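In: The sequence and its predicted three-dimensional model are supplied below.
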Amino acid sequence: MTQEPNVTQSCQQFSSVEQVRRALSRISKLDPQINAFCYVDETVMEQAEASDRRRAAGSPLSAIDGIPVAVKDNLLVAGMPATWGTALYRNFIPEEDELPIARLRAAGAIIIGKTNTPAFAARGYTNNALFGSTANPLAPELTPGGSSGGSAAALAAGMVDLALGTDGGGSTRRPAAHCGLVGLKPSIGLIRRGKGFAALMADLEVVGPMARTVADLRMLTEVLAGPHPADPASFLPKLEPLPSGTLRIAYLPAFPGHPVESGIAKTIEEASKKLARLGHEVTLIESFFDYDAIAPLQNLITNAGFAMLARREPRFAELAEAEFQEQAQAGEALTGSELMDAFDRVREFRAHCGRFFTEYDMLLTPAIAAPAWDRRLQAPATINAIPVGPRGHAVFTGWVNLAGLPAISVPCGISDGLPVGMQIVSGFGRDGWLLDLAEIFERQFPVSLDRR
């Protein structure tokens, strides 16, 4: 197999001006069919020329200086529209960069545009009333997943090499899995936040870097990682390397009562054997917590977030979609004691997961329970002919956000012509461990994809 091209190779072969021109050309050619972008900045050539001067002088600002980056439309970029996928913010253009964007700019990255997301980045597919649905470049009739589906589609189509999403319940990991990419859900605090939209999901939602290769994902993550006084949660140090020796890896193929598509299940089982062939101790386990007791906490917290937003935004009742108004009403009906009880249960769950990762170094699961589905639909109605709810496809990812842990989705095979991503989860702060293991796996067991 020919390895995916990476940012380092692009920097060696092409000037920043050439890379920006290539990105704009591919967006112009491909995006009318894919609909990954909701805004493209075609005035960035001066930035590219400045980057080329820095590189010619041997003083680039970072490894990604001059590289075009796509940014999900729920992150604020000064001078670019930020709609959050909803008419409520149709005309909003922020004057200041959100903190992660400021760090990208300081590294010399070129923000090429904003990518599509469902309204409020609160659904597992990518479609909204402002911009319509986004296609999966590997199978355009299907969804790339969500809510970072626009960023995933831009990467999978080769429009950009790097992209930012956000992940409040799997929104980088599942689109990465559906599109044959790598996506990181970092530990809370690794990538700083602030100066952005209201935190509907409290600290469950984090910025999620995405790329086509783990090496590129690492470079992007290293630029974004690190503490900042404007974000008190961002205290984590730089990425810690994976220790040498045998890893203790728990393998969780399914949660009781929640189906997994058979082809995905088989591919993840094979991935567990590949990890064992790398010399690691892989142990099959049953769930180490009651999934059905934990999962509702995420929706309860998000409902409270919508209630907060409805109070802050006088036009929410007029412009927000009916389904989100219903969530706001449910959140408004919560008592203070109910909300505090939910946060206390989250605290207890995080402590429980912390104890689990003293027994194991890593946890392996599928990243997705179902393959990509019709892009017009919010979720698959069945998995393996078993009826599931709207989050049935997402059972493996949301609990990680509740736990505050790092997780990565890495391509590990193909089922029925579509890529399958495995999710690896580790203990708090072990983001570097995940990147190291993912890069070893990617190098030893590459997955060949038909990039259209």
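Out: Good, I have the coordinates.
In: roughly how far apart are the most centrally placed residue in the chain and residue 362?
Out: Among the residues of the chain, the smallest C-alpha distance to the mean C-alpha position (CA atoms, centre = their mean) belongs to residue 172, namely 1.5 Å. Noted for residue 172: a distance of 18 Å to residue 362, by CB to CB, to the nearest Å. C-beta here means a position set from N, CA and C on the backbone, and glycine is covered the same way.
In: pull the CA atoms of stretch 363-375 into PDB?
Out: Coordinates of each C-alpha in stretch 363-375 appear next as PDB, following Å, rounded to 0.1, in the frame of the first residue of the first chain:
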ATOM      1  CA  LEU A 363      -9.200  -0.100  26.500                       C
ATOM      2  CA  LEU A 364     -10.000  -1.200  22.900                       C
ATOM      3  CA  THR A 365     -13.600  -0.900  21.600                       C
ATOM      4  CA  PRO A 366     -15.200  -0.200  18.200                       C
ATOM      5  CA  ALA A 367     -15.400   3.600  17.500                       C
ATOM      6  CA  ILE A 368     -18.800   3.000  15.700                       C
ATOM      7  CA  ALA A 369     -21.600   0.500  16.200                       C
ATOM      8  CA  ALA A 370     -23.000   0.900  12.700                       C
ATOM      9  CA  PRO A 371     -21.600   1.800   9.300                       C
ATOM     10  CA  ALA A 372     -22.300   5.100   7.600                       C
ATOM     11  CA  TRP A 373     -26.000   5.500   6.700                       C
ATOM     12  CA  ASP A 374     -28.100   7.600   4.400                       C
ATOM     13  CA  ARG A 375     -26.900  11.200   4.700                       C
END
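In: mind checking the longest helix of the chain?
Out: Of all the segments assigned as helix in the chain under DSSP state H, the longest by residue count is helix 336-359.
In: tell me what that helix is packed against?
Out: Packed against helix 336-359 by the contact rule (3 or more CB pairs under 8 Å, 6 or more residues apart in numbering; DSSP states H and E) you find strand 248-251, helix 296-312, helix 398-403.
In: Please identify the most buried of those.
Out: Sort these by mean neighbour count, taking mean count of other CB atoms under 10 Å, and helix 398-403 sits at the top with a mean of 24.
In: Quick check: buried residues in the following helix or strand past that one?
Out: Following helix 398-403 in sequence order, the next helix or strand is strand 407-415 (DSSP states H and E). Of the residues in strand 407-415, those buried under the neighbour-count criterion (16 or more other CB atoms under 10 Å) are 407-415.
In: Check stretch 119-131 too.
Out: Under 16+ other CB under 10 Å, the buried positions of stretch 119-131 are 119-128, 130-131.
In: Using JSON lines, lay out the residues you listed together with secondary structure, pLDDT and distance to residue 207.
Out: Formatted as JSON lines, these follow (DSSP: H, G, I helix; E, B strand; the rest coil; pLDDT from 0 to 100; distance: CB to CB, whole Å):
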{"residue": "119", "secondary structure": "helix", "pLDDT": "98", "distance to residue 207": "19"}
{"residue": "120", "secondary structure": "helix", "pLDDT": "98", "distance to residue 207": "16"}
{"residue": "121", "secondary structure": "helix", "pLDDT": "98", "distance to residue 207": "12"}
{"residue": "122", "secondary structure": "coil", "pLDDT": "97", "distance to residue 207": "16"}
{"residue": "123", "secondary structure": "coil", "pLDDT": "97", "distance to residue 207": "19"}
{"residue": "124", "secondary structure": "coil", "pLDDT": "97", "distance to residue 207": "18"}
{"residue": "125", "secondary structure": "coil", "pLDDT": "98", "distance to residue 207": "20"}
{"residue": "126", "secondary structure": "coil", "pLDDT": "98", "distance to residue 207": "18"}
{"residue": "127", "secondary structure": "strand", "pLDDT": "98", "distance to residue 207": "22"}
{"residue": "128", "secondary structure": "strand", "pLDDT": "98", "distance to residue 207": "20"}
{"residue": "130", "secondary structure": "coil", "pLDDT": "98", "distance to residue 207": "22"}
{"residue": "131", "secondary structure": "coil", "pLDDT": "98", "distance to residue 207": "21"}
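In: Looking at the helices and strands packed on helix 336-359, which is nearest to residue 442?
Out: Distance to residue 442, taken as CB to CB, is lowest for strand 248-251 among the helices and strands packed on helix 336-359, at 16.3 Å.
In: No further questions, thank you.
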